[in-house]
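K.L.:
coordinates for the following, if possible.
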Amino acid sequence: MPKTINIVNGIGTGELINDTYSVTANITGYDNTSINPSSLTIVEGTDSYALSIEATGTLTLHVTDDGTTTGSPIVGATFYRTDSVGTEYGTVITTDSNGDAIFNNVPFATDGAPTIYYKQTASDGDHEFDSTVQNTTLTTSTSTIEIQNAVGATRTITLTDANYTNLPIDTGSITLTN
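P.N.:
Reported below is the predicted structural model:
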């Protein structure tokens with residue numbers, strides 16, 4: 001007799017007897033034939049089992065100085081896949097010479113596509129970036145999102161003599177390292 005286990009936030013529970021089960025999946029946005037393992041043996045004394053499933057979509061984050069397809073690409077910006085609260089998963093994805101950070105194996109579906117969360121963790125050192133968790137859904141197997149990393153704002157640094165209040169330093173340079 002088939003037993004259906006409903007998954008919520010990656011976890012499902014069900015009452016199963018010791019036996020070997022054939023495993024099939026019905027997960028929107030994923031390749032249901034990739035469920036692994038496809039056969040699961042439930043044994044006495046073991047109450048937790050881990051399965052995995054693959055997605056086949058591609059999400060490209062195209063990062064430029066103005067957030068358009070024609071802007072100057074930002075090389076070296078870094079991104080992670082996350083959950084809705086920003087917990088990072090997988091390895092860092094870095095923009096290439098075209099300004100593209102490519103996430104392979106993300107879920108997509110024409111209807112009811114799951115939400116994909118990601119966040120930027122760095123830029124190239126000369127551009128600002130938004131580090132908040134962003135999200136999107138893919139309704140086709142590939143999608144590109146334009147992201148802006150604007151040039152850092154012009155800032156004024158004032159340097160005065162520590163011993164003589166408000167006496168400006170005539171010439172010199174300072175170096176700021178982040």
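K.L.:
going forward, measure contacts and count neighbours with C-alpha atoms only.
P.N.:
Will do.
K.L.:
what about residue 40, how many neighbours?
P.N.:
Residues contacting residue 40 under the criterion other CA atoms under 10 Å number 15.
K.L.:
who are the neighbours in contact with it?
P.N.:
When the contact criterion is CA atoms under 8 Å, 6 or more residues apart in numbering, the partners of residue 40 are 20-23.
K.L.:
just the buried ones from those residues, in PyMOL syntax?
P.N.:
Applying 16 or more other CA atoms under 10 Å to those leaves a buried subset, and the PyMOL line that selects it is:
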select buried, resi 23
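K.L.:
same list (the contacts of residue 40) but as a markdown table, adding secondary structure.
P.N.:
Compiled in a markdown table, the contacts of residue 40 are given as follows (DSSP: H, G, I helix; E, B strand; the rest coil):
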| residue | secondary structure |
| --- | --- |
| 20 | strand |
| 21 | strand |
| 22 | strand |
| 23 | coil |
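K.L.:
closest one to residue 1 out of the contacts of residue 40, please.
P.N.:
Here the nearest of these to residue 1, counting by CA to CA, is residue 21; it sits at 9.9 Å.
K.L.:
element containing the closest residue to that closest one other than its chain neighbours, please.
P.N.:
When the adjacent residues along the chain are set aside, residue 21 lies closest to residue 40, with 5.1 Å between them (CA to CA, 6 or more residues apart in numbering). Assignment of secondary structure by DSSP states H and E places residue 40 within strand 39-42.
K.L.:
in that strand, what counts as buried?
P.N.:
Of the residues in strand 39-42, residue 42 count as buried by neighbour count, 16+ other CA under 10 Å.
K.L.:
parallel or antiparallel, which strands does that strand pair with?
P.N.:
strand 19-22 (antiparallel) (DSSP bridges).
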